[in-house]
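K.L.:
Structure for this input, please:
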Amino acid sequence: MITVRPAAERGHADHGWLDTRHTFSFASYHDPGHMGFRSLRVINEDRVKPGEGFGTHAHRDMEILTWVLEGGLEHRDSMGNGSVIRPGDLQRMSAGTGVTHSEFNPSREAGVHFLQIWLLPRERGLPPGYEQKRFPPEDRRGRLRLIAAGDGRDGAVTIHQDADLWTALLEPHESVRHALAPGRAAWVHVARGGVSLNGRTLGAGDGAAASDEQMLEIAGAADAEVLLFDLA
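P.N.:
Predicted coordinates for the structure are as follows:
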């Protein structure tokens, strides 16, 4: 069964410096029907204006992934990490027992467009941790590339949850297939462009939950970037 979550039905807030859309309930947006999907708790699509950003704030007991679509995002945290995340970089921050961090758009001319993703960890009270790896476009064109996994296999970043995150760049008429093991489910998020998922049409910002499906086929309808979460 595939259930589509249309982009236009997401939560939305425009703070001037930040335009943000929430696939699941977040901050002041609350929808009891969309509190997350299995261990996937947050997919926020954020656009931050030049020179603006999130001041230092705290998190705990959450696996936080940041995936930049356009521009650059400067990160600094209480563990001593600092970097600028750019398209193709995946950052994982395990908040664990507690961490503070800030995120800013360092550009004075261009905005930054990114996804921030939260997954529930397999247990509470883990030590905070940080990891960042690059996955160049050539590794993602026309194929699914594993970028985050509970076991960190194949060069993926390691998350503290039984979940795999795959991504692909698809041109029109390119397609990829992904098998789901019994008892597992998937969430598909279209970051850009358009695809079909087992015959269902999805556009930019759309998401879809897939349960009781043995095989997922994602076909590009327009130049597309897609994320697939394989969840226990």
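
K.L.:
use CA for all of it now, contacts and neighbours both
P.N.:
Will do.

K.L.:
tell me the domain ranges of the protein?
P.N.:
What the record gives for the chain is the domain set 11-133, 137-231, from automatic domain parsing.

K.L.:
Helix, strand, or coil at the most centrally placed residue in the chain?
P.N.:
By Cα atoms, centre = their mean, the chain has its centre lying nearest to residue 117, at 4.3 Å. Three-state call for residue 117 (DSSP: H, G, I helix; E, B strand; the rest coil): strand.

K.L.:
Quickly list what it is bridged to.
P.N.:
residue 43, residue 65 (DSSP bridges).

K.L.:
Could you double-check that it sits in contact with residue 43?
P.N.:
Yes. Between residue 117 and residue 43 there is a contact under Cα atoms under 8 Å: 4.7 Å.

K.L.:
Report the contact partners of the nearest residue to residue 227 once chain neighbours are set aside.
P.N.:
Excluding its sequence neighbours, the residue lying closest to residue 227 (Cα to Cα, 6 or more residues apart in numbering) is residue 167, at 4.4 Å. By Cα atoms under 8 Å, 6 or more residues apart in numbering, the contact list for residue 167 reads 140, 144, 145, 146, 147, 225, 226, 227, 228.

K.L.:
Could I get the phi/psi values of the third one?
P.N.:
Spelled out, it's residue 145. phi -120, psi 130 (degrees, to the nearest 10).

K.L.:
residues near residue 155, how many?
P.N.:
For residue 155, the neighbour count with other Cα atoms under 10 Å is 15.

K.L.:
wait, it sits on residue 147?
P.N.:
Yes. With contact defined as Cα under 8 Å, residue 155 reaches residue 147; the gap is 7.4 Å.
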